[in-house]
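K.L.:
What follows is a predicted structure for the sequence shown.
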Amino acid sequence: MEDGRSLSRPIIIYIGQIKHRKGFDLLARAMPAILQKFPRASFLFISQSLEGRGELDSINRAQGTGERCFLFTQVDDRNKFLILSFADALVQPTRYEGFGISVIEGMACRCPVVSTRIPVIDEIIEHEQNGLLASPNDFASVAANVLRLLEEDNLRRSVVANASATVMARYTRDQITRQLVEVYDDLVQSKPSDPRRGKRPGP
């Protein structure tokens, strides 16, 4: 890298806005516990929104983890998917999520995922089946679940295989199109008829 540092395994990825609601700080605060067992771990934060960069830098200074933390702001989709395919874990410790696209992308790239047990995410990930779910707002739980993925080979292989099957069953283009059509059909069928329809205008 330009600053003389180099990436080494395990490689742990965060993708998303550097904002409080996305939980970037939880992964940052989980770093010391992970580095205690994997001193050469690399933590890659990929984001084009740097609202919380000052907080990330502050956490790293306080913990002495800056040497193993890398921030990338210019990563196109092709390289993002290459990184996911190469990484050892994707960690998305979000406090709120509207859809969870990064989680699905990680699953599609066969990158084992740790996220948070919150609505939306717990509809995508079944704990210990196709991913791991940390307790909300709990960096110690994030660290513990990341370490499980890194240390338990059978769990990691099972999670990756099941995640790939989940994506093929639920999140291909055809599947999403079908689900959208079903939603629109339900909306049309449930829409109340307009009592004014068919009436002639008054005199």
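P.N.:
Nice, I can see it.
K.L.:
Show me the helices in the chain, by range?
P.N.:
24-37, 53-63, 77-86, 101-108, 121-124, 139-151, 153-170, 173-190 (DSSP state H).
K.L.:
right, and Arg53 touches Gln17 too?
P.N.:
No: with contact defined as C-beta atoms under 8 Å, Arg53 does not count as touching Gln17 (10.9 Å). Placement of C-beta: from N, CA and C, glycine included.
K.L.:
Give me the helix or strand of the chain that scores worst on average pLDDT.
P.N.:
For the chain, using mean pLDDT, DSSP states H and E, the weakest element among its helices and strands is helix 173-190, scoring a mean of 60.
K.L.:
Dump the helices of the chain into CSV; add mean neighbour count and distance to Ile13 as well.
P.N.:
Shown next, in CSV, are those (neighbours: other C-beta atoms under 10 Å; distance: least, C-beta to C-beta, whole Å):
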stretch, mean neighbour count, distance to Ile13
helix 24-37, 21, 9
helix 53-63, 15, 15
helix 77-86, 14, 6
helix 101-108, 22, 8
helix 121-124, 18, 16
helix 139-151, 21, 11
helix 153-170, 15, 14
helix 173-190, 10, 24
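K.L.:
Would you tell me which of these gets closest to Arg95?
P.N.:
With C-beta to C-beta, the closest approach to Arg95 among the helices of the chain belongs to helix 24-37: 8.3 Å.
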